[in-house]
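In: Sequence plus predicted model, see below.
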Amino acid sequence: LQLLQRLSKVTGEEVRLHRIVPSIVFLLQDPEAVVRAAAISALTSIVATIKSFPPSDSQLFPQYIFKRVDHLASDPSLAVRDAFARSMSVLAVTALRFLDISHAIKMYEMVDRGGGGANEESLLPANVLDDNSAVPTFSDAVTDELLGEGTSSGASSPNKKVARKGHDVNKKPSGVLIRSTYESDLAALRNIVSRWVVAIATDASETSALPKRSLLSGIAQLCSFFGLEGVLTYVLPQVLAFLNDRRDWQLRALLCQRLPSICAVVGRASTAHFVIPCIETALVDSNERVVCCAISCLADLNKMGLITRAM
């Protein structure tokens, strides 16, 4: 694994993607926990360096990597769960970057060829069409009106003569909307990562505090990945429960340190309703270091303008 990581620094992206990544993914099933832990860390660092990829690898994360690492969230080894929790945020934002790039390329290709072809429905929002619905189009009368042809004399509008180079000015638009699967693909990624977050955050074993602290270390990136709705649904309820863990003061203190990055996403209203009451609980914690972190958290929230006089 160390040799593969060193080779990845001097090889091209194609070699990393098609040679090194599959070799490391294979080691995720190794019977030795130390190898599995090193493999997920190496995989995360290498895929994060890949900036370009062929269209055939656009589904690399949902169809390949995420399926191969899914079992690590509940691995019996503490070292593996901790390594996975540290890698989770980087894997999430890297998967999001792959999704953004692949859909941007698709959009560019569709626009470049004028939205024509057999796949011109591939950019329409997924909730607009289903298998039993027809593709919405404008009627001829509406199309003529939009083109400025709906005059009594039947004369063509001067605007009709303006057209892109290489296109027939007398050709009417097909009226086919362009279909997009971006939202559904993003929802699928968020659904997978949310299951990992819940698995780590709700672990009630005696050794669960270490993976939870590792999860908090990348919480800012996870918030960027999930967005406002995802943070309110999956992240915030889970991490606020860490204050109930009386066995590990470090977990409670780290939560207070990371809360401002979460509040920056959820905004003032959610901060007032959900976060401030929890910080008030931390202010009377039995450990003085947790109290110090809670005070610093309030100071940071005040600087960010997330605390009002009404609170």
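Out: Looks like it arrived, so ask away.
In: Give me the mean pLDDT for the strand or helix carrying Gln5.
Out: Assigned by DSSP states H and E, Gln5 belongs to helix 2-8. Helix 2-8 carries an average pLDDT of 92.
In: do stretch 15-28 as well
Out: pLDDT averaged over stretch 15-28 gives 95.
In: residues in contact with that stretch?
Out: 1, 4, 7-8, 11, 35-36, 38-40, 42-43, 46-47, 49-50, 53, 57, 60, 64-65, 68-69, 72 (CB atoms under 8 Å, 6 or more residues apart in numbering). All C-beta atoms are positioned from the backbone trio N, CA, C, and that covers glycine.
In: same thing but 7 Å
Out: 1, 4, 7-8, 35-36, 39-40, 42-43, 46-47, 50, 53, 57, 65, 68-69, 72 (CB atoms under 7 Å, 6 or more residues apart in numbering).
In: In PyMOL, select just the buried ones from those residues.
Out: Selection of buried members from the contacts of stretch 15-28 for PyMOL, criterion 16 or more other CB atoms under 10 Å:
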select buried, resi 4+8+36+39+40+42+43+46+47+50+53+57+65+68+69+72
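In: helices or strands up against the helix holding Gln5?
Out: Here helix 2-8 touches helix 33-47, going by 3 or more CB pairs under 7 Å, 6 or more residues apart in numbering; DSSP states H and E.
In: for whichever helix or strand comes after the helix it packs on, the distance to its chain's centre please.
Out: With elements assigned by DSSP H and E, the helix or strand that comes after helix 33-47 is helix 60. The chain centre lies 14 Å from the centre of helix 60; the measure is CA atoms, centre = their mean, to the nearest Å.
In: right, and the helix or strand after helix 60?
Out: helix 66-69.
In: now stretch 263-276: mean pLDDT?
Out: Stretch 263-276 shows a mean pLDDT of 93.
In: Pull up the distance across that stretch, start to finish.
Out: 10 Å (CA to CA, to the nearest Å).
In: can you pull the contacts of Ile50?
Out: Ile50 touches 13, 16-17, counting by CB under 7 Å, 6+ apart.
In: Could you dump those residues into CSV and include secondary structure and neighbour count?
Out: Listed next are the contacts of Ile50 as CSV, based on DSSP: H, G, I helix; E, B strand; the rest coil; neighbours: other CB atoms under 10 Å:
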residue, secondary structure, neighbour count
Glu13, helix, 14
Arg16, helix, 20
Leu17, helix, 19
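In: Would you format those residues as JSON lines with distance to Arg252 included?
Out: JSON lines is the format used below for the contacts of Ile50 (distance: CB to CB, whole Å):
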{"residue": "Glu13", "distance to Arg252": "42"}
{"residue": "Arg16", "distance to Arg252": "40"}
{"residue": "Leu17", "distance to Arg252": "41"}
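In: which stretches of the protein aren't confidently modelled?
Out: 113-179, 309-311 (pLDDT under 70).
In: Longest helix in it, please.
Out: helix 78-112 (DSSP state H).
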